[in-house]
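Chemist: Any chance you can model this:
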Amino acid sequence: MTSDSKLESTIDKILNQTEIENLSSLKKSFEESLEILTKSQSSLEEDYDRIIDEGKKEAEKIEKQLIGSSDLESRNKQILLVEDSIKKVFEKAIEKIRSSIHNDNYPKLMESLLEESINALGTSDVIISTNSKDKEVVQGLLSKFSGAELSTDSIDCLGGVEVKSMDGSMTFTNTIDSKIDRMKPLIRKDIATKFGIGS
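Modeler: Next up, the predicted model:
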């Protein structure tokens, strides 16, 4: 066997070994990402279920107060009472979220929100904005997102990120507040429908 053949054989072995290691590493990263996403989803579903449950309990109390009301004035009072109760439920839910948001799983949730945002924009050349408390968490994650930069400006939110393309043409808001806001109409509709009240 010539020295060139030996060299080619050695290079082939190294390339094969590197390919196997890379595939193994990619598989592991995929499995970890899937696990993080599953955990985050179940956590958000638990929060949603908790908010719905509190809304239903509050709605049951309201139902007792509303039985028998039929004229327009009573109906207006019903709507205001339901809206007030819905507002209280959301205030309580937000307080619970605010007090429990920065646990050990929070960096994984932030990584998941960043990944979702970058995928939605279709580019990793982005500027990431977050609240002042989360800047350190996001800074620690930047090495995982090539081309991403942390904005010096802070945004007002419970947590999460707002991601903009470098040219400013696209923005994806992926904050906890935006996720709660998307749930509000569904919960309001569920409660209002229970009493036959238009929201």
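
Chemist: check contacts around the residue nearest to Arg98 when sequence neighbours are not counted.
Modeler: Leaving aside its chain neighbours, Arg98 sits nearest to Leu158 (5.9 Å; criterion: Cβ to Cβ, 6 or more residues apart in numbering). Backbone N, C-alpha and C define where each C-beta goes, glycine included. Shown in contact with Leu158 (Cβ atoms under 8 Å, 6 or more residues apart in numbering): Ile94, Ile97, Arg98, Ile101, Asn131, Thr175, Ile176, Asp177, Ile180.

Chemist: close enough to count as contact, Ser146 and Ser124?
Modeler: Yes. Between Ser146 and Ser124 there is a contact under Cβ atoms under 8 Å: 5.7 Å.

Chemist: more neighbours, these two?
Modeler: Ser124 (17 against 8; other Cβ atoms under 10 Å).

Chemist: Distance of that one relative to Leu142?
Modeler: Ser124 is 11 Å from Leu142, where distance means Cβ to Cβ, to the nearest Å.

Chemist: what do you get for Glu63?
Modeler: Taking Cβ to Cβ, one finds Glu63 at 50 Å from Leu142.

Chemist: Report pLDDT for the residue nearest to Arg98.
Modeler: Here the pLDDT value assigned to Leu158 is 86.

Chemist: Next one, pLDDT for Phe145 please.
Modeler: At Phe145, pLDDT is 88.

Chemist: nearest residue to it other than its sequence neighbours?
Modeler: Closest to Phe145 by Cβ to Cβ, 6+ apart is Ser124, at 5.6 Å.

Chemist: same question, Ile155
Modeler: Ser129 (4.8 Å).

Chemist: For that neighbour, give me phi and psi.
Modeler: The phi/psi pair for Ser129 (degrees, to the nearest 10) reads phi -120, psi 150.

Chemist: what sits against it?
Modeler: Counting by Cβ under 8 Å, 6+ apart, Ser129 has contacts Ser151, Asp153, Ser154, Ile155, Val161, Glu162, Val163, Lys164.

Chemist: go with 7 Å
Modeler: Ser151, Asp153, Ile155, Val161, Glu162 (Cβ atoms under 7 Å, 6 or more residues apart in numbering).

Chemist: of all those, which two lie farthest apart?
Modeler: Asp153 and Val161 (12.6 Å; Cβ to Cβ).

Chemist: between the two, which one's more packed in?
Modeler: Val161 (28 against 10).

Chemist: and the more buried one, what helix or strand is that in?
Modeler: strand 160-165 (DSSP states H and E).

Chemist: same check, this time on Ser99
Modeler: Going by DSSP H and E, Ser99 is part of helix 72-100.

Chemist: Can you give me the buried ones in that helix?
Modeler: Arg75, Gln78, Leu81, Val82, Ser85, Ile86, Val89, Phe90, Ala93, Ile97 (16 or more other Cβ atoms under 10 Å).

Chemist: got it, and stretch 137-147?
Modeler: Val137, Val138, Leu141, Phe145.
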